[in-house]
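Student: Below are the sequence and a predicted model; questions follow.
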Amino acid sequence: MRILVAIVLTFISTAALADNTGERTAGDRTPTATDVISGLYSFSRFQQGLLESTDLKGNAEVKNLAALRAEEAAKRDKALKQIQEAIGTEPRAGKTTSVSAGLVEPENSDGPTYVRSFYAAQIPEYESAISLLEHYLKGPDNAALAAFAREQLPRLRAQVRDAERTMADK
């Protein structure tokens with residue numbers, strides 16, 4: 001039952017976050033550079049939120065992974081900032097949703113349930129970011145951002161596969 005609740009909460013929080021990733025665009029319109037930058041910044045905020053959540057509730061495994069992903073997000077944001085400044089665009093400010101809303105609260109979970117919900121919360125966020133980049137690469141409007149997207153895609157795909165594999169093992 002707890003797993004079902006965690007999955008439902010994950011879907012609810014993912015739906016709220018998907019609105020500001022830039023993935024949901026009018027029709028089949030290819031996202032612009034601004035959409036992609038905004039979406040990737042939202043993804044980074046999600047990863048930072050995971051770190052904050054694990055600081056309060058997580059075990060060593062999830063804390064270490066969350067710290068690694070937050071560090072990667074900071075590096076990605078630094079590279080994005082350079083591209084953003086070169087383009088001369090400002091990302092759209094989106095709604096910020098608490099990551100912990102999608103994770104099972106410690107009073108309602110045991111260790112393994114929290115770890116599973118930690119990984120389960122990541123998968124739709126990764127898939128959203130990957131989809132955004134893939135869609136952008138169908139008709140990119142900036143060469144530097146397209147190169148950045150091509151560089152990021154293999155990393156993000158590997159990380160989501162790791163999260164799926166780890167979640168299945170838990």
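Tutor: Received the coordinates, thanks.
Student: contacting residues around Leu145?
Tutor: Residues in contact with Leu145 (C-beta atoms under 8 Å, 6 or more residues apart in numbering) are 33, 36-37, 83, 87, 136. Using the backbone N, CA and C atoms, a C-beta is placed for each residue, glycine as well.
Student: Show me how to select, in ChimeraX, the buried members of those residues.
Tutor: Applying 16 or more other C-beta atoms under 10 Å to the contacts of Leu145, the buried members can be selected in ChimeraX as follows:
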select :33,36,37,83,87,136
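Student: Can you tell me which of the contacts of Leu145 end up in helices?
Tutor: 33, 36-37, 83, 87, 136 (DSSP state H).
Student: What residues does Leu133 make contact with?
Tutor: 36, 149, 152-153, 156.
Student: I figured Asp77 hits Ser44, correct?
Tutor: Yes: judged on C-beta atoms under 8 Å, Asp77 makes contact with Ser44 at a distance of 5.2 Å.
Student: Between the contacts of Leu133, identify the one with the most neighbours.
Tutor: Neighbour counts for the contacts of Leu133, by other C-beta atoms under 10 Å, peak at Val36, which reaches 30 neighbours.
Student: give me every residue that touches that residue.
Tutor: Val36 neighbours (C-beta under 8 Å, 6+ apart): 22, 132-133, 136, 145, 149.
Student: residue ranges for the helices of this structure, please.
Tutor: 2-18, 33-57, 60-87, 111-136, 143-169.
Student: tell me the mean pLDDT for the second one?
Tutor: Pointing back at helix 33-57 there. For helix 33-57, the mean pLDDT works out to 91.
Student: next one: the shortest one
Tutor: For helix 2-18, mean pLDDT rounds to 45.
Student: got a list of what Asn142 touches?
Tutor: 33, 83, 87.
Student: For the chain, which residues score under the pLDDT cut-off?
Tutor: The model of the chain has pLDDT under 70 over residues 1-28, 93-110, 170.
Student: give me that answer again for 50
Tutor: 1-12, 14-26, 95-108 (pLDDT under 50).
Student: mind checking how far Arg155 is from Gly58?
Tutor: Computed as C-beta to C-beta, to the nearest Å, the Arg155 to Gly58 distance reads 22 Å.
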